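> after the sequence you'll find the predicted model.
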Amino acid sequence: MTHAAFGSFWPPMHQREVLAAGGGTLTDTLHLVWAAITGVFFMLIVGFGAAALGKRFRVYSIATMVIVLASGAVTGTYASQVQADLPTPGVGVWERISIATFMAWMVVLATALLRAPHAAATPVRSHFIRVLLWRPGAAGCSHWRLRGF
């Protein structure tokens, strides 16, 4: 939740032309600080997720961390070119690889949690499923079926 709240206040960064002309401001510096802090949050999130589930997910999480760190490192090598308003072919691809890898990890985490055998046995989830499936039948009879179907 802290990661989501922190990400809601992401400071904007000026366009390259402004930076090259020396027009950078505090928001440009804060943009980089936010990126670093978000990276730390990401590693914590993935680390806790890796510890919570089985070996296969742990290996997948470590691979995710390696890909994100590698693509982040490659992206970081372009910083001086962005500052000087020079061409940076491929930097957007490396940024998107990092972002897509994290998003894919979240999908796999959600799927793993939904498929975990202990998740179905929790009282909160069982109650939610009962509420979701409960639908009074005709003439006061009651039966279980998915709402709306």
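The structure has been received and is ready for your questions.

> only C-alpha atoms from now on, for both contacts and neighbour counts.
Fine.

> domains of the protein?
Following automatic domain parsing, one finds the domains of the chain at 2-116, 120-149.

> most tightly packed of those domains?
For the domains of the chain, the largest average neighbour count (mean count of other CA atoms under 10 Å) is found in domain 2-116, namely a mean of 15.

> identify the residue nearest residue 69 in space, chain neighbours excluded?
residue 98 (7.9 Å; CA to CA, 6 or more residues apart in numbering).

> re the thing from before, got the domains of the chain as JSON lines, with mean pLDDT columns?
Conversion of the domains of the chain to JSON lines gives the following (pLDDT from 0 to 100):
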{"stretch": "domain 2-116", "mean pLDDT": "83"}
{"stretch": "domain 120-149", "mean pLDDT": "48"}
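
> contacting residues around the helix or strand where the residue nearest to residue 69 lies?
Counting by DSSP states H and E, the element that carries residue 98 is helix 91-115. The contact list for helix 91-115 (CA atoms under 8 Å, 6 or more residues apart in numbering) reads 49, 61, 64, 67-69, 71-72, 74-75, 78, 119-120.

> again, only using 10 Å
Residues lying outside helix 91-115 but in contact with it, judged by CA atoms under 10 Å, 6 or more residues apart in numbering, are 42-43, 45-46, 49-50, 52-54, 57, 60-61, 63-79, 82, 90, 116, 119-120.

> again, but for stretch 34-49
Under the contact criterion CA under 10 Å, 6+ apart, stretch 34-49 has outside partners 2-4, 6-7, 9-11, 27-28, 30-33, 50, 52, 57-58, 60-62, 64-65, 68-69, 72, 102, 105-106, 109, 113.

> specify the local secondary structure of residue 70.
helix (DSSP: H, G, I helix; E, B strand; the rest coil).

> that one and residue 63, how far apart?
When distances are taken as CA to CA, to the nearest Å, residue 70 and residue 63 turn out to be 10 Å apart.

> now residue 50
Here residue 50 is placed at a distance of 11 Å from residue 63 (CA to CA).

> thanks again, I'm all set now.
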